[in-house]
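Student: got a predicted structure here, sequence first:
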Amino acid sequence: AVVSTQSTGMKNVPNLVNVQEVGAEIIGDLCQMGGLPCSLNIPENESKAGVTQQLVDAGAIDVLLTVMDLAPQSAGLQEAATYALCNICATPEPSYREMVYRSEGINIALQAMDRFENNAPMQRAGCCLLYNICIGNVEIERTIVNSGGITAILKALDTFATDSTIQEAGCIALHNLCAKSADN
């Protein structure tokens, strides 16, 4: 119930950036931790995959991408929504990565990385999304490469040369993009 309510609430107030940012953070946290049973009435035995499935079924991917599109100048919202998408794509279910890809999630995230090139949390979130979304899908890998993803990752690595979390995320993204493809 809480999962559906979160997506519905975000749909109902698309122009309140602070509400959208908090909503995106909650969606990301729910996907990452498999729920917060004490405060959000999610059964303790609900798995991370089960919570993520509920979020996806409630339209979380479309909501996140819509609010990113509606508030492109909000660094906090762009970062929170990108992390939420990253966490959705981190599950073993390939159809979620495909849904984010088909909904232009890669381009929206790359635009946010470009727009907030000096924002470390946004760069970290973008690199994390790129390394999770391309797992096991050559078409998605090619799209990331053709859309300037490698350039965006290298720029983040260069700009934040002393940030170990961005270095790790960027290197994993490059590995996932290049490891299986001679073309990339």
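Tutor: Received, thanks.

Student: any idea how far A75 is from the residue nearest to the spatial centre of the chain?
Tutor: Centroid check for the chain by CA atoms, centre = their mean gives L85 as the closest residue, at 2.5 Å. L85 is 16 Å from A75, where distance means CB to CB, to the nearest Å. Every C-beta, even on glycine, is put in place using the N, C-alpha and C of the backbone.

Student: next one: Y96
Tutor: Taken as CB to CB, the span from Y96 to A75 is 25 Å.

Student: now do L157
Tutor: Applying CB to CB to L157 and A75 gives a distance of 19 Å.

Student: residues contacting the residue nearest to the centre of the chain?
Tutor: L85 makes contacts with 61, 64-65, 100, 105, 109, 129, 133, as judged by CB atoms under 8 Å, 6 or more residues apart in numbering.

Student: spell out which helix or strand contains it, please.
Tutor: helix 75-89 (DSSP states H and E).

Student: so which elements touch the helix or strand following that helix?
Tutor: Next in sequence after helix 75-89, counting helices and strands by DSSP H and E, comes helix 94-102. Packing partners of helix 94-102 (3 or more CB pairs under 8 Å, 6 or more residues apart in numbering; DSSP states H and E): helix 48-57, helix 60-70, helix 75-89, helix 120-133, helix 138-146.

Student: was I right about A125 contacting E79?
Tutor: Yes. Using CB atoms under 8 Å, A125 is in contact with E79, at 4.9 Å.

Student: and the two? Which one has more around it.
Tutor: Neighbour comparison, A125 and E79: the larger count goes to A125, with 28 against 24 (by other CB atoms under 10 Å).

Student: ok, and the closest non-adjacent residue to the more buried one?
Tutor: Distances taken as CB to CB, 6 or more residues apart in numbering place T82 nearest to A125, at 3.9 Å, with adjacent residues excluded.

Student: distance of the one you found from L55?
Tutor: 15 Å.

Student: got the phi and psi for G136?
Tutor: Per-residue torsions, G136: phi 70, psi 20 (degrees, to the nearest 10).

Student: so it touches P94, yeah?
Tutor: Yes. Judged on CB under 8 Å, G136 makes contact with P94 at a distance of 6.2 Å.

Student: return the helix or strand in the protein with minimum mean pLDDT.
Tutor: Least confident element among the helices and strands of the chain, by mean pLDDT, DSSP states H and E: helix 37-40 (a mean of 36).

Student: still on that earlier bit, any chance of the helices and strands packed on helix 94-102 in JSON lines, plus distance to H175?
Tutor: Listed next are the helices and strands packed on helix 94-102 as JSON lines, based on distance: least, CB to CB, whole Å:
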{"stretch": "helix 48-57", "distance to H175": "23"}
{"stretch": "helix 60-70", "distance to H175": "25"}
{"stretch": "helix 75-89", "distance to H175": "16"}
{"stretch": "helix 120-133", "distance to H175": "8"}
{"stretch": "helix 138-146", "distance to H175": "11"}
